[in-house]
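[1] Would you be able to build a 3D model of this:
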Amino acid sequence: MSWTERSAALSELLGLSTPPIAITFTEAAPDGVGFFDAPMAEATPDGRTGRVPAGCVFWMEAAKGPFATAPADHGNCSVGSLTHGLITLEEAAGRADVGAIVEAGWVDPSDFADIPTVSRKPGAITYAPLDRTPLDPDVVLVRVNGKQMMVLHDAVPDMYLGGKPQCHIVAIAAEEGRVAGSVGCALSRVRTAMPATEMTCAIPASQLDALLESLRENRAADDAVATYAAEDKRRFARA
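    Sure thing, here's the model as predicted:
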């Protein structure tokens with residue numbers, strides 16, 4: 001099955017309104033794929049800058065077409081740079097954006113030691129719609145609503161489901177080979193303008209075929225239960 005076919009199947013089985021995206025960690029950008037070309041923002045006093053407010057913004061941009069990113073492109077968000085293996089914990093801890101979320105009580109400093117991270121610093125991270133990925137991806141990411149997350153959880157009952165920071169699900173999928181969902185986080189929702197109704201799920205690309213098969217099996221059961229519930233509900237109809 002091609003990535004185009006897998007993308008179509010995943011979109012159809014979940015009823016996605018935005019296409020699945022591919023995320024690939026490599027030493028260099030693939031041939032024929034350009035780098036994301038938005039200008040670098042003005043640097044903060046502590047030196048943070050980047051081409052987008054946070055790396056999770058690239059999830060939104062990837063729906064439009066393939067592009068590669070360099071580590072510096074992610075640099076405005078220290079948390080995302082940490083989870084994607086682009087900076088060390090020590091580097092992240094000394095930055096003003098981390099200081100701000102600690103001061104607000106959003107996280108405790110001790111929490112950072114347990115945040116999942118990509119283990120090897122990539123030279124490039126490539127993003128693309130799954131049906132146009134130039135490489136076999138490491139992670140497939142989908143944006144889902146509550147019902148779609150329910151369907152995913154039925155298909156993978158032992159999936160990880162957490163919250164902040166939203167970007168850590170990519171590291172879980174890439175490093176642990178585990179399907180990982182997130183209810184989102186305040187930091188990411190503001191920076192991406194992600195709709196309040198959306199959540200995210202990161203799928204190890206190596207497990208996508210098995211997930212598709214499980215989704216097919218579970219959809220048949222869901223359809224049967226929904227039909228039963230609809231028929232049973234008719235007893236409560238009022239004229």
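[2] quick one: low-confidence parts of the protein?
    239 (pLDDT under 70).
[3] Scan it for its longest helix.
    helix 208-233 (DSSP state H).
[4] Could you say which helix or strand holds residue 128?
    strand 124-129 (DSSP states H and E).
[5] how far does that strand sit from the chain's center?
    Centroid separation between strand 124-129 and its chain, computed with CA atoms, centre = their mean, to the nearest Å, is 12 Å.
[6] relative to helix 208-233, how tilted is the next helix or strand after it?
    Using DSSP H and E, the next helix or strand after strand 124-129 towards the C-terminus is strand 139-144. Here the directions of strand 139-144 and helix 208-233 differ by 20 degrees (axes from the mean of the first three to the mean of the last three CA atoms, to 10 degrees).
[7] okay, the angle between strand 139-144 and strand 124-129?
    Angle of strand 139-144 versus strand 124-129, following the same axes, to 10 degrees, is 40 degrees.
[8] other SSEs contacting strand 139-144?
    With contacts taken as 3 or more CB pairs under 8 Å, 6 or more residues apart in numbering; DSSP states H and E, strand 139-144 sits against helix 3-14, strand 21-26, strand 199-204. From N, CA and C alone the C-beta is placed, and that goes for glycine too.
[9] The ones you listed: which one's closest to residue 129?
    Closest approach to residue 129 among the helices and strands packed on strand 139-144 is made by strand 21-26 (6.0 Å; CB to CB).
[10] In this structure residue 208 contacts residue 140, no?
    Yes - if you go by CB atoms under 8 Å, residue 208 and residue 140 touch, sitting 5.7 Å apart.
[11] who has more neighbours, these two?
    The neighbour comparison of residue 208 against residue 140 (other CB atoms under 10 Å) goes to residue 140, with 26 against 22.
[12] show me the contacts for the closest residue to that one other than its chain neighbours.
    Counting by CB to CB, 6 or more residues apart in numbering, residue 140 lies nearest to residue 203, which is 4.5 Å off, once chain neighbours are set aside. Counting by CB atoms under 8 Å, 6 or more residues apart in numbering, residue 203 touches 139, 140, 141, 142, 173, 179, 211.
[13] Now do residue 203 against residue 123, distance only.
    Per CB to CB, to the nearest Å, residue 203 is found 24 Å from residue 123.
[14] Also residue 153?
    As for residue 153, its distance to residue 123 is 35 Å (criterion: CB to CB).
[15] Who has more neighbours out of the two?
    Using other CB under 10 Å as the criterion, residue 153 and residue 123 rank with residue 153 on top: 16 against 13.
[16] thought the more buried one was touching residue 146?
    No - counting by CB under 8 Å, residue 153 does not reach residue 146; the two are 10.5 Å apart.
[17] Next, count neighbours for residue 168.
    Residue 168 has 25 neighbours, counted by other CB under 10 Å.
[18] Over to the one 10 residues further on?
    Taking other CB under 10 Å as the criterion, the count of residues near residue 178 is 18.
[19] hang on, isn't it packed against residue 172?
    Yes - under the criterion of CB under 8 Å, residue 178 makes contact with residue 172 at 5.5 Å.
[20] Overlap in contacts, residue 208 and residue 140.
    Residues touching both residue 208 and residue 140 (CB under 8 Å, 6+ apart) are 6, 10.
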